[in-house]
Structures are given as structure tokens and as C-alpha cells.
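**Q** Okay, here's the prediction I keep looking at, along with the sequence it came from:
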Amino acid sequence: MDLTAVDPLVWIILAVVVVAVLVVMFFVLRKKRRKRDETRRHLKDRFGSEYDRTVSQAKNRRAAEEELLARERRRQSFEVRPVPADQREGLRARWDEIQSSFVDAPHATLRKADELLDEVAVARGYPDAAREQRLADLSVDHPAAVERYCSSRPDSDKDDQSTEQLRAALLASRDLFETMLNQGEPGSTDTPPTPFQELVTEEPVEGETSARAERHGAASNGHEDGTIDLTPHDRRREHVDTGGMAVTDDQGRPLPPPPADGSR
């Protein structure tokens, strides 16, 4: 075929078509990239460290993000509700009983803790599912607590797990337990702190700092006699009477009391 015999107008039309196709492809690809970036930001904001953990375990980032999106879609199919108030104390008492057996039977304690976590999840409205799916469902509403649970959990029930590893796993289980038990509607910020959160977010009442540090230090380091203090943290707050407290100036010096007649 003699290309020189082709009408120049045809070449112009072909050139215009090619340029138009390239421009359309450019905008389509840019739109897809923008959407992918927005989705990635959303997932990072929603899941936090659970996003990083999922990416590290997936074959690639895209597969991990598809998994997290699938979790969100599944989560929309059921309704989560708070644990009924009349059941909370009973569940907490059962946790205390399970926790008290840790020193004598740590592996059995972790298994019983998992069973209680499953029960609380069902009470809140999460579907009855296998453990892996249950954690995936919970991660949509409680990503930080689930990430801590998964990261600290032993890979197996082998006896070569150290006491410190098992203790960390139980603390993370308690963190997830308290999060589910005390949190109302998903995303609510008006909830009591969990064992992990109160160490970094709660303003302690004067005089409680040392007691709380001793309590959590014992929980993570154990006592000299080999026992492990995992006492649930106390959520009570006592009234502080400030009537007898000295009033000070900007320099911290005590001010004299006002005259009895009220004059200044």
C-alpha cells in the first residue's frame, strides 16, 4: 500500500484520534490513582496500626487493602449494640475468675479468655464466626485493640512461650475485653479507658499516680515471689475535697486568708 497516496486529511484525523485517546487515558489513570490514594488514606485513618499489620501479612499492599475494604462491607451488614448494663458486672466477674488462674495454667487461661471474648462479641451483635473472622469483624470498630491482641498473641500453644509473652497476651486480651465491654456505639469517645489507654491518656488524681504505676508495673513485671498481679484497674473516682487546700499566687507562695469582715 502506497502511504503517500493517502489523503493528508486522514493522517490529521488519525493524529487527533490518537492524541484524544492518550488524553482520555491520562485522565482515567489519574482519576484511578486519586481514588486509590483516597482509599488508602481512609483505610489508614480507619484501621491505624491494624492497616500496617495487615499489609505486612498480605502478599502485597493492594491485596491487604482489598481485605480491609471487604471487612468494612461485611461490617455494614450487621448492627452492633452496647453490652446490656445488667450483664457487664457478671462478665467482668467471670473475667476476674479466669484471670486469677493465669499463674497455675497460663495456656488454659488464654483459651478461656478467648471464649469469653467470643461471648462478649456475640452479646454486642457480631455474627457467630470463626476466630479469624471474628477478629476481622472487630477490627473495623476496635482496630487498635485488635492489633494489640494479634501482635501479642502466641502463634501456638507450645510450652516454649515465655511467661512474659503469655502475660503480654493476657493483658492484650483484657484490653480488647474492656474495650468491647465498656464502649457504647462504635466510634464513641465517651467511654472509660482500657488498661493500655489509661497509661497514656488519663489524667490521674493526685495521690493515685504511684498506686497506678505500681499496679501496672506489677502486671507487666510480676512480683518477687513469682506471682503475677493482673488485677483489673479501678474505675472509681473519689471526690476530692479542696476546701482545706492552700491558695497560692503565681510564684507558688501561699496567700494569706481574707479578712474576717470580707474587706480586701
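**A** Good, I have the coordinates. Because the structure is a prediction, the values reported are computed rather than measured.
**Q** what about the longest helix in the protein?
**A** Taking DSSP state H as the criterion, the chain has its longest helix at helix 8-47.
**Q** Mean confidence (pLDDT) on it, please.
**A** Mean per-residue pLDDT for helix 8-47: 87.
**Q** before we move on, what about stretch 132-144?
**A** The model assigns stretch 132-144 a mean pLDDT of 93.
**Q** And for stretch 80-91?
**A** 89.
**Q** Can you measure across that stretch, start residue to end residue?
**A** One end of stretch 80-91 to the other measures 18 Å (Cα to Cα, to the nearest Å).
**Q** Leu176: what's its closest spatial neighbour, skipping adjacent residues?
**A** Ala145 (4.4 Å; Cβ to Cβ, 6 or more residues apart in numbering). Glycine gets a C-beta too; all of them are placed from N, C-alpha and C.
**Q** just the angle between the strand or helix carrying the one you found and helix 8-47, please?
**A** Here Ala145, judged by DSSP states H and E, is contained in helix 143-152. Per axes from the mean of the first three to the mean of the last three Cα atoms, to 10 degrees, the angle that helix 143-152 makes with helix 8-47 is 80 degrees.
**Q** correct me, but Thr179 touches Ser139?
**A** No. Applying Cβ atoms under 8 Å as the test, Thr179 and Ser139 come out as separate, 11.6 Å apart.
**Q** Val146: neighbouring residues, count only.
**A** 25 (other Cβ atoms under 10 Å).
**Q** Number the residues from 50 up from this point.
**A** In the new numbering, first residue 50, that becomes Val195.
**Q** if I pick it, what's in contact with it?
**A** Residues in contact with Val195 (Cβ atoms under 8 Å, 6 or more residues apart in numbering) are 99, 184, 187-188, 225.
**Q** change it to 6 Å
**A** The contact partners of Val195, taken as Cβ atoms under 6 Å, 6 or more residues apart in numbering, are 99, 184, 187-188.
**Q** repeat for Ile147
**A** 158, 161-162.
**Q** Just say helix, strand or coil for Asp163.
**A** helix (DSSP: H, G, I helix; E, B strand; the rest coil).
**Q** follow-up on the earlier one: tell me the one among the contacts of Val195 nearest to Ile62.
**A** Checking the contacts of Val195 against Ile62 with Cβ to Cβ, the nearest one is Glu99 at 53.8 Å.
**Q** In what element of secondary structure is that closest one found?
**A** Per DSSP H and E: helix 98-106 holds Glu99.
**Q** Just to check, Val169 is in contact with Met229?
**A** Yes. Counting by Cβ atoms under 6 Å, Met229 is a contact partner of Val169 at 5.0 Å.
**Q** re the thing from before, run through who's touching the helix holding Glu99.
**A** Contacts of helix 98-106 (Cβ under 6 Å, 6+ apart): 92-93, 110, 113, 188, 192, 195-196.
**Q** same thing but at 8 Å, please
**A** Against helix 98-106 from outside (Cβ under 8 Å, 6+ apart): 92-93, 96, 110, 113-114, 116-117, 188, 192-193, 195-196, 199-200.
**Q** Could you identify the helix or strand that succeeds that helix?
**A** helix 110-124.
**Q** That next one versus helix 192-201: what angle between them?
**A** Using the same axes, to 10 degrees: helix 110-124 against helix 192-201 is 120 degrees.
**Q** Can you pull out the low-pLDDT segments for the protein?
**A** Low-confidence segments of the chain (pLDDT under 70): 50-55, 203-209, 232-313.
**Q** next structured bit after the helix holding Ala194?
**A** Assigned by DSSP H and E, the successor of helix 192-201 is helix 212-231.
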